[in-house]
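>>> below is the sequence, then the predicted model.
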Amino acid sequence: MKSALVTGGAGFIGSHIVDALIDDGFTVSIVDNLATGKERNINPSAHFYKIDIRDEKLSDVFDREKPDIVFHLAAQMDVRKSVEDPSYDADVNVRGAINLLENSKRTGVEKLLFSSTGGAIYGEPETFPVKEDHPIRPLSPYGLTKFVFENYLGLYERLYGFKYTVLRYPNVYGPRQDPHGEAGVVAIFSQQMLTGVQPKIFGDGNKTRDYVFIEDIVKANMICIEKGEGEILNLGWGKEVKDIEIFEAVRDAVGANVEPFFAEPRLGEIERISLDASKAEKIIGWKPTIPLKEGVRRAVEFYRNLLAK
Ligand code: NAD
């Protein structure tokens, strides 16, 4: 039986990857300091270590669990916080990630899959949808530190033959996303509309993002256990969805009758993005399958049930 270690496995995306790995017969360990993750997301069949990826005790986890494969999702992922506190952002996203990488190399991990960002790495795109070879000009420390760690992976491949795949995510949405966080508008709007709070849109409603449902993102990760070695792959529909359109999609699913109010745009956030995932289709045979309407319906259903508890 294979063994996998998932950092950030108590978080939104990580916990779904943990579930899929366990369903697939993997022995799974989770490293998460619960900064934003939730205990209720933790699969009871996984071995949970409440520790920070920057902690030197991470080496004990590796010695004990001896993972064959590592999924790295733990991150400081709040764009605004990265602008306010770039040192903390770099400490977690670079120094913490290097601690993980060093332990992976030391214990002979076969492969590391890194959850990077397509939304924050390219900056304001020159062409749409954005391909992987687009210039990298992030507008936030968060986008930059993700790119730095991508480059560490390339370096470790050159120096030590270390194997990896980088997945650059679009806006991922679905059940378990934290509605109290700074990102994740589907979660935030759902929670607000279901509790009668008027949602706020930063900017004029015309900002765009590319939204992919969690199930499709988990599939890409599972495929990359065997495929995509040494590759950097965008995931996305290649379609721009305006803030106002996502607002309307959530409103339809909730059945609410509410208008948003508009606030000042936030520093560090780009105006428009969509990601071209044709390379992922060619190399790992992945493309998204769950349409926005269906994904939003499932997400709203989850928040409705959560609030009813
Ligand atoms: P999340 O906040 O739900 O998950 C992150 C997890 O990492 C949390 O459980 C948190 O407690 C943990 N964590 C944070 N700092 C840690 C530390 N120092 N040590 C140990 N654990 C720590 O967020 P998510 O949406 O599931 O994002 C997962 C990954 O995907 C992140 O790396 C993020 O940058 C990336 N990503 C997400 C999106 C998205 O749309 N959600 C888009 C692009 C990239």
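Received it, and whenever you're ready, just let me know what you need.
>>> residue 37 contacts residue 13, correct?
No: counting by Cβ atoms under 8 Å, residue 37 does not reach residue 13; the two are 10.6 Å apart. For the C-beta atoms, the positions are set from N, CA and C on the backbone; glycine is no exception.
>>> alongside the ligand, which residues does the chain contribute?
8, 10-14, 31-37, 52-54, 73-77, 92, 96, 115, 117, 119, 169, 171-172, 178 (Cβ under 6 Å from any ligand atom).
>>> so which of these are in helices?
Of the residues of the chain next to the ligand, the ones assigned to helices by DSSP state H are 12, 13, 14.
>>> now neighbour count too, for the residues you listed, in TSV please.
Putting these into TSV (neighbours: other Cβ atoms under 10 Å) gives the following:
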residue	neighbour count
12	26
13	23
14	27
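>>> and the helices in the stretch 101-250 of the chain?
For the stretch 101-250 of the chain, the helices defined by DSSP state H, counting those that start in this stretch occupy 141-160, 185-194, 214-223, 243-254.
>>> most tightly packed of those helices?
helix 185-194 (a mean of 24; mean count of other Cβ atoms under 10 Å).
>>> gap between it and the chain center?
Here helix 185-194 is found 19 Å from its chain centre; the criterion is Cα atoms, centre = their mean, to the nearest Å.
>>> other SSEs contacting it?
strand 171-173, helix 243-254, helix 292-308 (3 or more Cβ pairs under 8 Å, 6 or more residues apart in numbering; DSSP states H and E).
>>> next, format the ones you listed as JSON lines and append distance to residue 59 and mean pLDDT.
Output for the helices and strands packed on helix 185-194, formatted as JSON lines (distance: least, Cβ to Cβ, whole Å; pLDDT from 0 to 100):
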{"stretch": "strand 171-173", "distance to residue 59": "30", "mean pLDDT": "97"}
{"stretch": "helix 243-254", "distance to residue 59": "42", "mean pLDDT": "98"}
{"stretch": "helix 292-308", "distance to residue 59": "37", "mean pLDDT": "97"}
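>>> okay if I get these as TSV plus distance to residue 149?
Below are the helices and strands packed on helix 185-194 laid out as TSV (distance: least, Cβ to Cβ, whole Å):
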stretch	distance to residue 149
strand 171-173	18
helix 243-254	29
helix 292-308	28
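>>> how far away is residue 186 from residue 214?
Per Cβ to Cβ, to the nearest Å, residue 186 is found 10 Å from residue 214.
>>> joint contacts of the two?
Common contacts of residue 186 and residue 214 (Cβ atoms under 8 Å, 6 or more residues apart in numbering): 173, 174, 177.
>>> of those, closest to residue 238?
Set against residue 238, the nearest of the shared contacts of residue 186 and residue 214 by Cβ to Cβ is residue 173 (16.7 Å).
>>> quick check: that closest one touching residue 297?
No: if you go by Cβ under 8 Å, residue 173 and residue 297 don't touch, sitting 11.6 Å apart.
>>> looking at the two, which one has more neighbours?
Neighbour count, other Cβ atoms under 10 Å: between residue 173 and residue 297, residue 173 has more, with 26 against 17.
>>> contacts only, for the more buried one.
Listed by Cβ under 8 Å, 6+ apart, the contact set of residue 173 reads 184, 185, 186, 187, 211, 212, 213, 214, 295, 296, 299.
>>> how close does the residue sitting furthest away from the middle of the chain get to residue 194?
In terms of distance from the mean C-alpha position of the chain, residue 257 ranks first, at 30.8 Å (Cα atoms, centre = their mean). Using Cβ to Cβ, one gets 13 Å for the distance from residue 257 to residue 194.
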